[in-house]
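Asker: what follows is a predicted structure for the sequence shown.
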Amino acid sequence: MKQEKDPAFVKFKGIEKRFGKVVAVKKMDLEIPEGSLVTLLGPSGCGKTTLLRMLAGLEEPTHGDIFIKGKRINDTPIHKRNLGIIFQNYALFPHKNIYDNVAFGLKYRNVSKSAIKEKVEKALETVRLPGVGNRMPSQLSGGQQQRIALARAIVIEPDVLLMDEPLSALDENLREDMRREIDNLQQALGVTTIFVTHDQREALSMSDKVVVMKDGFIQQEGDPEEVYNNSINHFVADFLGHSNFLNAIVNEKQGDYLSVTLEDNNTCLAVPAGTFNKGDKVEMVIRAQKFNLGYRADHVPEQGENVFFGKIVDRSYMGGEVSYFVELENKLVLHAINFVKRSPYRRGDEVFMKVMHEHCRLLKV
Ligand SMILES: Nc1ncnc2c1ncn2[C@@H]1O[C@H](COP(=O)(O)OP(=O)(O)OP(=O)(O)O)[C@@H](O)[C@H]1O
Ligand SMILES: [Mg+2]
């Protein structure tokens with residue numbers, strides 16, 4: 001019978017880390033569900049590596065407790081935590097061949113020689129590099145070396161796989177391939193994984209859950225669509241990319257929406273993220289992809305939509321999509337991204353930009 005998955009397979013409770021006056025991680029509570037891939041996403045210095053290093057046993061928490069499978073591990077030494085670790089700076093041993101690199105973690109685990117051989121071969125197959133055991137790390141490409149690091153981490157059948165920006169040294173194409181590979185491998189093995197990145201696309205594309213951090217605090221956690229579509233504050237909406245922010249004042253409720261007045265005195269309807277009162281200052285957030293453009297002369301008012309009029313001041317072709325910057329009459333510039341197929345517009349064209357009410361969200365300021 002299949003057992004229920006533990007929703008708090010890894011648990012941080014009130015965890016805090018101070019380095020002198022710097023508080024790298026502040027009273028953080030976080031639960032990582034069994035078998036999931038969770039990314040820690042945030043700008044440089046927000047505490048991602050510190051959190052991972054505390055879990056790994058490389059850093060001692062100043063306050064709080066860490067649990068794996070319900071057991072408090074604060075005092076468990078590193079090698080007894082059963083973790084697979086791939087850190088950016090944890091390179092392969094250059095003077096050991098691939099076989100010995102992968103076998104490294106098993107040698108201290110009372111595994112017989114024949115079992116080691118079997119496990120190493122299986123791990124190399126899993127990362128799709130069978131038969132390279134005799135080569136030296138320098139005889140493999142950067143991407144292949146990262147796959148060996150992955151093999152070395154999974155060969156011990158870890159309870160948790162920790163990855164700290166493992167792809168940052170790779171070029172963009174290889175990064176994309178490796179991202180997919182890690183994602184597939186993680187699902188196939190079902191190993192609980194914590195992946196650190198400051199790349200929002202990376203986080204959104206591969207995670208079951210994204211944890212957005214800033215200054216040692218969790219700002220928001222949830223599945224990728226949740227944090228992207230329902231960002232709870234300016235920081236999260238901005239960090240996840242392509243957000244327009246418009247200042248507004250709350251008028252009154254209209255059905256499921258709130259009516260607001262913008263700086264140019266136009267009114268819009270939008271979804272309130274929280275409770276607001278008449279007269280409150282708010283920020284209306286609209287993702288660039290949610291706008292649909294058209295020639296101004298062709299505009300016909302439609303139900304359920306807010307509309308803006310302006311002139312295209314910048315256009316850039318991005319392969320499948322076109323990115324536009326549109327200057328409104330009050331000089332505010334909005335960003336829109338549309339599919340190429342529907343994008344004949346050029347710099348200088350007078351356009352309308354329409355967006356459904358449900359894609360306009362109001363945040364507290
Ligand atoms: N050993 C240390 N001594 C003093 N301060 C430290 C130490 N390690 C980290 N810090 C500080 O703690 C904060 C969090 O650092 P951390 O390395 O966890 O950030 P990060 O989110 O991993 O950033 P990055 O994306 O740049 O890797 C930073 O202000 C950093 O300067
Ligand atoms: Mg870091």
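Answerer: Looks like it arrived, so ask away. Ligands and ions are numbered 1, 2, ... in the order given.
Asker: what about residue 147, which SS state?
Answerer: helix (DSSP: H, G, I helix; E, B strand; the rest coil).
Asker: the nearest residue to it once chain neighbours are set aside and residue 120: what is the separation?
Answerer: Distances taken as C-beta to C-beta, 6 or more residues apart in numbering put residue 127 closest to residue 147, at 4.1 Å, once the chain neighbours are dropped. Every residue, glycine included, has its C-beta placed from N, CA and C. As for residue 127, its distance to residue 120 is 11 Å (criterion: C-beta to C-beta, to the nearest Å).
Asker: what is in contact with the two at once?
Answerer: Common neighbours of residue 127 and residue 120, using C-beta atoms under 8 Å, 6 or more residues apart in numbering, are residue 151.
Asker: tell me which element residue 303 falls in.
Answerer: If you go by DSSP states H and E, residue 303 is not part of any helix or strand.
Asker: scratch that, residue 16 is what I was asking about
Answerer: Short version, using DSSP H and E: residue 16 is in strand 10-19.
Asker: so what are the sheet partners of that strand and their directions?
Answerer: Sheet pairing for strand 10-19, assigned by DSSP bridges, gives strand 22-32 (antiparallel), strand 63-68 (antiparallel).
Asker: how close does residue 26 get to residue 213?
Answerer: From residue 26 to residue 213 the distance is 10 Å (C-beta to C-beta).
Asker: identify the residues contacting the helix-or-strand element of the chain with minimal mean pLDDT?
Answerer: The weakest-scoring helix or strand in the chain, judged by mean pLDDT, DSSP states H and E, is helix 172-189 (a mean of 88). Outside of helix 172-189, the residues within contact range by C-beta under 8 Å, 6+ apart are 37, 126-128, 142-143, 146-147, 150, 154, 161, 163, 166-167, 170, 193, 195, 202, 205-206.
Asker: now, these that are in strands?
Answerer: 37, 161, 163, 193, 195 (DSSP state E).
Asker: which among those residues gets closest to residue 226?
Answerer: The nearest member of the ones in strands among the contacts of helix 172-189 to residue 226, counting by C-beta to C-beta, is residue 37 at 15.4 Å.
Asker: list the buried residues in stretch 253-261.
Answerer: 257, 258, 259, 260 (16 or more other C-beta atoms under 10 Å).
Asker: is the helix or strand that contains residue 218 up against ligand 1 anywhere?
Answerer: Per DSSP H and E, residue 218 falls inside strand 217-222. No. Using C-beta under 6 Å from any ligand atom, strand 217-222 never reaches ligand 1; the gap is at least 11.7 Å.
Asker: tell me the buried residues in that strand?
Answerer: For strand 217-222, a neighbour-count test (16+ other C-beta under 10 Å) marks 218, 219, 220, 221, 222 as buried.
Asker: columns pLDDT on top of the residues you listed, output as JSON lines?
Answerer: Listed next are the buried residues of strand 217-222 as JSON lines, based on pLDDT from 0 to 100:
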{"residue": "218", "pLDDT": "98"}
{"residue": "219", "pLDDT": "97"}
{"residue": "220", "pLDDT": "97"}
{"residue": "221", "pLDDT": "97"}
{"residue": "222", "pLDDT": "97"}
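Asker: mind giving me the domain ranges of this structure?
Answerer: 10-237, 242-364 (automatic domain parsing).
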